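Engineer: Predicted model and sequence below, questions to follow.
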There are 6 protein chains.
Amino acid sequence: MSTDSNFPVLLLVEDEYLLVPILEDALSAEGFNVVTAHDGTTALQELEARATEFKAVITDIRLGTGPSGWDVGRRARELVPSMPVIYMSGDSAHDWSANGVPESVMLQKPFVGAQLITAVATLLNSTSATESVANDPTKPSS
Amino acid sequence: MSTDSNFPVLLLVEDEYLLVPILEDALSAEGFNVVTAHDGTTALQELEARATEFKAVITDIRLGTGPSGWDVGRRARELVPSMPVIYMSGDSAHDWSANGVPESVMLQKPFVGAQLITAVATLLNSTSATESVANDPTKPSS
Amino acid sequence: MSTDSNFPVLLLVEDEYLLVPILEDALSAEGFNVVTAHDGTTALQELEARATEFKAVITDIRLGTGPSGWDVGRRARELVPSMPVIYMSGDSAHDWSANGVPESVMLQKPFVGAQLITAVATLLNSTSATESVANDPTKPSS
Amino acid sequence: MSTDSNFPVLLLVEDEYLLVPILEDALSAEGFNVVTAHDGTTALQELEARATEFKAVITDIRLGTGPSGWDVGRRARELVPSMPVIYMSGDSAHDWSANGVPESVMLQKPFVGAQLITAVATLLNSTSATESVANDPTKPSS
Amino acid sequence: MSTDSNFPVLLLVEDEYLLVPILEDALSAEGFNVVTAHDGTTALQELEARATEFKAVITDIRLGTGPSGWDVGRRARELVPSMPVIYMSGDSAHDWSANGVPESVMLQKPFVGAQLITAVATLLNSTSATESVANDPTKPSS
Amino acid sequence: MSTDSNFPVLLLVEDEYLLVPILEDALSAEGFNVVTAHDGTTALQELEARATEFKAVITDIRLGTGPSGWDVGRRARELVPSMPVIYMSGDSAHDWSANGVPESVMLQKPFVGAQLITAVATLLNSTSATESVANDPTKPSS
């Protein structure tokens, strides 16, 4: 399958410029459209602007000064409670159990591309089920 | 804890009159409020009238002539896509994989009260999470 | 790995002729053997003829007039209760919670090939465990 | 609900005579029928004689000389591959990941009765689903 | 089983004094030992003092001024990454997906005692497995 | 992504020399580093020497005379309780429920490469979470 602007759009948040093209390529090779933010502030701006367009958020934890990946995950969920969230980290992985959001994935670096793709695919596939349940006209909006 | 009209209300569908008080007592002893229908037609009427008031549907499969428990589960989900559904059966249990709704529980008779209570409690507890995700003002209603 | 007639055979049910080769290629590129039906009636015929040869059923929901993907999934499970079932749909996804079979996957279009492959692989991998449990000489056949 | 010989029968394996009545009472209070073995050898004899009558096996790990709880769990699964297995232990709990069978529960002592009942109920409830899948006339017996 | 100081100790955090005895009784009736804090500050003090003694934390979300239940859950996990966490709330339940910790339970009020007991028991039972895995002398401490 | 000695190292145990390069290539194509043992004895030696370097163990069951894949999985878990374990087999798959370790995957031959990759990726992704929980300085080592 080729890249198609109708395919799911993912928000990638990574500040290590050497890693960015590797991650972008791994995702777009599968047909995903990728929007990349290089720090937490930009990531939050992207979310404020168009959170509902993203089908998943993939974020590094350490993003220099400013908001961390934990902040990005939390804000994504405030805007879209069902947002699939995948964290990536080397040394912050052990903080996931205190700082991650429920039903998120923590990828410990170094990981191979197949781990990222499998994580994204698995979360997207279960979101279809959640959305099937969520579109419930009888439920009052919050 | 005592029975309180604010506690979750469950729809119980059972046509075996000897079993009805046993099941009702097991559930109300835990504080649940129980509305009982003795056949599929009445169950469907209850659902049409007030499906959103029920926190779970517990239904036998064989309900005499008229709609079966499979029909009751399906209609409950049409009205409330996130409705916890628990089926009970002796000889129809093997049909669950073709006729049950996703993420439902099939209790094979004979079962003890603790199995029913655990099934209800487990489904209700995970529904809280689903509702947390579903109340998403950014999602278009279906 | 190359296509080998010993590799798992999947039943694909899709009526959109533009999509068929895309889906077939995505699956066969991974080594799966694919049998394609272009409508529900043909799919049901394939199931009647050789359901036990299929390791999974992947079906669109809207299949024109005649049986829908919901009917295909249900009949597959009547014949092979452990059959992995994957549904694909754009606008019918919200009906999954009422019409899908238990432990099935609902892929919301548009999805990327990796989502389909991951769904198939995950279901096949858990079926191995189920079959390990099911081959129980002490259990009476139904 | 009262104890009824039609309710599920469980095999309890515990060599600490002070604990036996406490565990038996906790289980029979919920309506379960309990067959107790006080060592591994007796437990294995019970399994050889009537494994298919038990709906679950609940076993301590340390059972004096002779077969351990690990051996009991393994033999139960050889005879009934879908047998729910619950282990209980104080100091052997850390060995579960190497010696337990798949999809078993490890209860670390001290635990309260509700933990045991919830574990049994949860496993029995999911077995109904497995049996629904396993009763597949199209599958060759092993 | 009677209350025994060897049975699991739980930290309960609830500021509604009318609810406290109801929750305490529901838990201690099952044999749990309960330590109650009536606000977030006290809860955090209890955690700082003896987090490793608690087998689970059960906390309301709204705790007046001062730390919320979200803060309590997070701090518990910083001190004991495997700590079972159960939140209770009426109107804050929809915030769980942004503020809860991974693998926690959100109980929406009003709930019956059986829901709380089932949630605690289920989390404690799976913690035994996690601890079995975690006691790995070959892993470097963080 | 290219093969990098920093990427996860996997232990592959397969005695069928025709299969070895196929499995090795499928794994290394994704960036995994593969150490292959051709029988159980060698596999156990590798584990004794450097179990902590492996991120997963993938093993055939029938390995000629000497230790089987069941023995390899068990020993891996004794050394590293959280070790992801994947079994592969044609005719021994039905023994998994008695001989496999908890939370392992059983791949029934013939399977396609995507099933192996998905199984490895899924287990590695959930191990990150387990390790996040396991690195708990407050827990006593066993």
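Structural biologist: Good, I have the coordinates.

Engineer: what residue is smack in the middle of chain A?
Structural biologist: Compute the mean C-alpha point of chain A, and by C-alpha atoms, centre = their mean the closest residue is A:V57, 1.4 Å away.

Engineer: Touching, A:L124 and A:I58? I think so.
Structural biologist: No. Here A:L124 lies out of contact with A:I58, judged by C-beta atoms under 8 Å, at a distance of 11.6 Å. To be clear about C-beta, it is placed using only N, CA and C from the backbone, and glycine gets the same treatment.

Engineer: Check whether the residue nearest to the centre of chain A sits in a helix, strand or coil.
Structural biologist: Three-state assignment for A:V57 (DSSP: H, G, I helix; E, B strand; the rest coil): strand.

Engineer: quick revisit: so A:L124 and A:I58 - more neighbours on which side?
Structural biologist: In terms of neighbours (other C-beta atoms under 10 Å in any protein chain shown), A:I58 is the more surrounded of A:L124 and A:I58; the figures are 28 against 23.

Engineer: excluding its backbone neighbours, what's nearest that one?
Structural biologist: Using C-beta to C-beta, 6 or more residues apart in numbering or on different chains and skipping residues adjacent in sequence, the residue nearest A:I58 is A:I86, 4.6 Å away.

Engineer: which residues does the residue nearest to the centre of chain A contact?
Structural biologist: By C-beta atoms under 8 Å, 6 or more residues apart in numbering or on different chains, the contact set of A:V57 is A:10-11, A:13, A:43, A:47, A:72-73, A:76, A:83-86.

Engineer: try A:E30
Structural biologist: Counting by C-beta under 8 Å, 6+ apart, A:E30 has contacts A:117, C:112-114.

Engineer: Just the pLDDT for A:L18.
Structural biologist: The model reports A:L18 with a pLDDT of 95.

Engineer: actually A:S128, sorry about that
Structural biologist: Per-residue confidence for A:S128 comes out at a pLDDT of 62.

Engineer: now swap in A:A37 and tell me
Structural biologist: At A:A37, the model reports a pLDDT of 98.

Engineer: what do you get for A:E131?
Structural biologist: The predicted local distance difference test score for A:E131 is 63.

Engineer: touching chain F at all, the helix or strand that contains A:A76?
Structural biologist: Using DSSP states H and E, A:A76 sits in helix A:69-79. No. For helix A:69-79, no contact with chain F is found by C-beta under 8 Å from any C-beta of the partner chain; the gap never falls below 12.7 Å.

Engineer: Which parts of chain A are strands?
Structural biologist: Listed in chain order, the strands found in chain A under DSSP state E are A:9-13, A:33-37, A:54-60, A:85-89, A:105-108.

Engineer: Which of these sits closest to A:W96?
Structural biologist: Each of those was scored for nearness to A:W96 using C-beta to C-beta, and the closest is strand A:105-108 (4.1 Å).

Engineer: Sheet partners, orientation included, of that closest one?
Structural biologist: On the basis of DSSP bridges, the sheet neighbours of strand A:105-108 come out as strand A:85-89 (parallel).

Engineer: between the partner strand and helix A:69-79, how many degrees?
Structural biologist: Interaxial angle, strand A:85-89 versus helix A:69-79 (axes from the mean of the first three to the mean of the last three C-alpha atoms, to 10 degrees): 180 degrees.
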